[in-house]
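**Q** Please work out how this folds:
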Amino acid sequence: MNKFEQLGLSESLQRAIIDLGFENPTEVQEKAIPLLLEQDIDLVALAQTGTGKTAAFGFPVIQKIDANNRNTQALILSPTRELCLQITNEIKNYSKYEKGINVVAVYGGASITDQARDIKRGAQIIVATPGRMQDMINRGLVNISQINYCILDEADEMLNMGFYEDIVNILSTTPDEKNTWLFSATMPAEVARIAKQFMRDPVEITVGAKNSGSATVSHEFYLVNARDRYEALKRLADANPDIFSVVFCRTKRDTQAVAEKLIEDGYSAAALHGDLSQTQRDGVMKSFRGRQIQMLVATDVAARGIDVDNITHVVNYQLPDEIETYNHRSGRTGRAGKLGTSIVIVTKSEIRKISSIERIIKQKFEEKTIPSGIEICEIQLLHLANKIKDTEVDHEIDNYLPAINSVLEGLSKEELIKKMVSVEFNRFINYYKKNRDISSQSSGSERRERDDRDGAPRENNSGGATRYFVNIGSRDNFDWMSLKDYLKETLDLGRDDVFKVDVKEGFSFFNTDPEHTDKVMEILNNVQLEGRRINVEISKNDGGGRRDHNGRSSGGGFGGGRSGGDRSSAPRREGSFAPRREGGFRSDRGSAPREGGFGGRSESRSSAAPRTGGFSDRSPRSSEAPRRDDGSSERPARRSESFGDAPREKRPRRS
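**A** Numbering: from 1, shown residues only. Predicted coordinates:
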């Protein structure tokens, strides 16, 4: 007996459920569907990504819609166009036996005129992204003043992407007597504020512990030096030959650069980010669903629309700035009861974030070391042997066997096996024989214990640090804060890895730990801004006084801080290095962190100073700006000429 029959769903919905192959409802469906069908209530449902939330609100809203009334009766808001389209398709599949119900998707990147025409023809259910929905309301193209149901899907992600004002404006346009259903993976402060402001005594249901991670996902981290991050990614891929994964980066530029390097090194990879056109994104996702792509490198925003089964690993190439975002990432794997693994590649400066995530998701990370070359070769050898054993013989080769036997005549079985396996295996053994071990020598657990005891980011002092001179300063519109942000982004370093930043008129000083010296010298001396080359040298000056972790001077040294680099007193000169940005630089880095975050926001505004050939990210709240118009902001992907990793040796291409 199909257990959906016990939830009170109509016969037509049950027929659709049978067609879709659903047998047993998930926990969130089991809890939400009867409540929403039996009562007119406001609901807050907290459940992880991949737990079946779309069906949990989709079946009840379809059953409650009056198909004979052509007016809009339900509005579903979702964070991205991919997720918007996904929900729309699922609602259409659920309602395939309901006559007269029309569903319209409203999102940026498509014709707003066509969407308005589809709504005017009669759409009882609208699925929309907040930016495009607000645009249509402003233009008078949609009327939601009489809706009965408003559903916020992935509410925490919408607010994390900066849609708070849009959502408030949209909800203010809807009637007070409607029912609001809020579905979210986590419950940060802004989501709670929305619930308090627009919902009436909502019923709350929680699947698992609030804000916790999925029980089907294991979490592990690998501690490496910053310069070895990409090499670590390759080794982890080689150590998991059947990997089918999403690799997360913070910015569009890094996403594109990592994907290009993986492809160049022989991996089946592709990038997914906001600079791709809708056609390009659709093509990438089609290839990924068909498993022609093993490693999909994505930004957090672009990945919100990914609904692909059997993803084996989520790889955090870079940790997100918000803990809630990590929960969304790990939810891409371990779906439908299957097991998955969430991997974090972490540097010493980021190790304290692991403890922060553990406290929130209520699960422990396992610290592991990057596999050595010999270990990877053993794994690949056994994988090859199993692949040969499991290969089905195509008898079309029978006609060629006499000639093949003639070539191989005289070889024993043992010799034949050795030669056949060596064809594939030699590539790996030759590559890894001459590559060093990249596991960090510092113990992650010891570091975490020290961070937990301290309870605060480490304070850097000049002892043992390397100090640099760089030929950019306040006349280039930098102050200490914007220069520190630019250096962190350009060098791909953590928020505490660049310190003691002193900005003068035509030059500046900054410090890093000695382990970053080679990376700083190599990258910065090959970067151009607006056609001019940056020059960096190691300084003999130790930097004098100290700064607190916000970079403010505590006496001595070059003074500096803000006084030397106040942009308001340093007009931009023609031909200077000043980074360009709509509306100028933001200088609000010292503001209080959002609840549940890691502390200060460490995302760097890559538009502040794009490297040659890089992408420009302009979102103030996320590393990728959500679409809020008809797609005019889309740009074709470009190659990134400078990524920030040490030169690498070519890995043998996969056959």
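**Q** shaky segments in the stretch 351-500 of the chain?
**A** 424, 434, 436, 439-463, 495 (pLDDT under 70).
**Q** cool, the stretch 501-650 of the chain as well?
**A** Applying pLDDT under 70 to the stretch 501-650 of the chain flags residues 529-531, 540-650.
**Q** how about a cut-off of 50?
**A** 544-650 (pLDDT under 50).
**Q** Next, report how far stretch 511-526 is displaced from the centre of its chain.
**A** Taking CA atoms, centre = their mean, to the nearest Å, one finds the center of stretch 511-526 at 27 Å from the center of the full chain.
**Q** buried sites along that stretch?
**A** For stretch 511-526, a neighbour-count test (16 or more other CB atoms under 10 Å) marks Asn511, Thr512, Asp513, Glu515, His516, Lys519, Val520, Glu522, Ile523, Leu524 as buried. C-beta: built from backbone N, CA, C; applies to glycine.
**Q** Send me that stretch as CSV with only the CA atoms.
**A** Written as CSV, here are the backbone C-alpha positions of stretch 511-526 (Å, rounded to 0.1, in the frame of the first residue of the first chain):
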residue,chain,number,x,y,z
ASN,A,511,52.8,41.4,6.5
THR,A,512,52.1,37.7,6.0
ASP,A,513,53.4,34.5,7.7
PRO,A,514,56.7,33.3,6.0
GLU,A,515,54.9,30.3,4.5
HIS,A,516,53.1,32.7,2.1
THR,A,517,56.2,34.5,0.9
ASP,A,518,56.8,32.7,-2.3
LYS,A,519,53.1,32.9,-3.2
VAL,A,520,53.0,36.7,-2.5
MET,A,521,56.1,37.4,-4.6
GLU,A,522,55.0,35.2,-7.5
ILE,A,523,51.4,36.4,-7.8
LEU,A,524,51.6,40.1,-7.0
ASN,A,525,54.6,40.7,-9.3
ASN,A,526,52.6,39.2,-12.2
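**Q** Quick check: longest helix in this protein by residues?
**A** Using DSSP state H, we find that the single longest helix of the chain is helix 413-433.
**Q** Give me the distance from that helix to the chain's centre.
**A** With CA atoms, centre = their mean, you get 38 Å for helix 413-433.
**Q** helices or strands up against it?
**A** In this structure, helix 413-433 packs against helix 373-390, with contacts taken as 3 or more CB pairs under 8 Å, 6 or more residues apart in numbering; DSSP states H and E.
**Q** so what does the helix it packs on touch, helix or strand wise?
**A** Packing partners of helix 373-390 (3+ CB pairs under 8 Å, 6+ apart): helix 229-238, helix 413-433.
**Q** nearest to Asn310, of those?
**A** The closest of those to Asn310 is helix 229-238. By CB to CB, the value is 16.9 Å.
**Q** helix/strand/coil for Leu296?
**A** strand (DSSP: H, G, I helix; E, B strand; the rest coil).
**Q** circling back to that earlier point, among the buried residues of stretch 511-526, which are located in helices?
**A** Those of those mapping onto helices are Lys519, Val520, Glu522, Ile523, Leu524, per DSSP H.
**Q** Please report how far the third one lies from Ile137.
**A** As for Glu522, its distance to Ile137 is 51 Å (criterion: CB to CB, to the nearest Å).
**Q** go on, the last one?
**A** Distance, Leu524 to Ile137, using CB to CB: 47 Å.
**Q** Leu416 versus the residue lying farthest from the centre of the chain, what's the distance?
**A** Computed with CA atoms, centre = their mean, the residue of the chain farthest from its C-alpha average is Gly410, at 55.3 Å. According to CB to CB, Gly410 and Leu416 sit 10 Å apart.
**Q** so the residue farthest from the centre of the chain sits in a strand?
**A** No. Counting by three-state DSSP, Gly410 falls outside a strand, being coil.
**Q** Can you pick out the most distant pair from the buried residues of stretch 511-526?
**A** Using CB to CB, these span at most 17.4 Å, a distance reached by Asn511 and Glu522.
**Q** what's the spacing between stretch 40-51 and its chain's center?
**A** That offset, for stretch 40-51, works out to 22 Å (CA atoms, centre = their mean).
**Q** now do stretch 93-112
**A** 27 Å.
**Q** what comes up buried for that stretch?
**A** Of the residues in stretch 93-112, those buried (16+ other CB under 10 Å) are 94-95, 98, 101-110, 112.
**Q** Looking at these, spot the one nearest Ile119.
**A** Looking at these and their distance to Ile119, the nearest is Val104, at 5.4 Å (CB to CB).
**Q** Sounds good, over and out.
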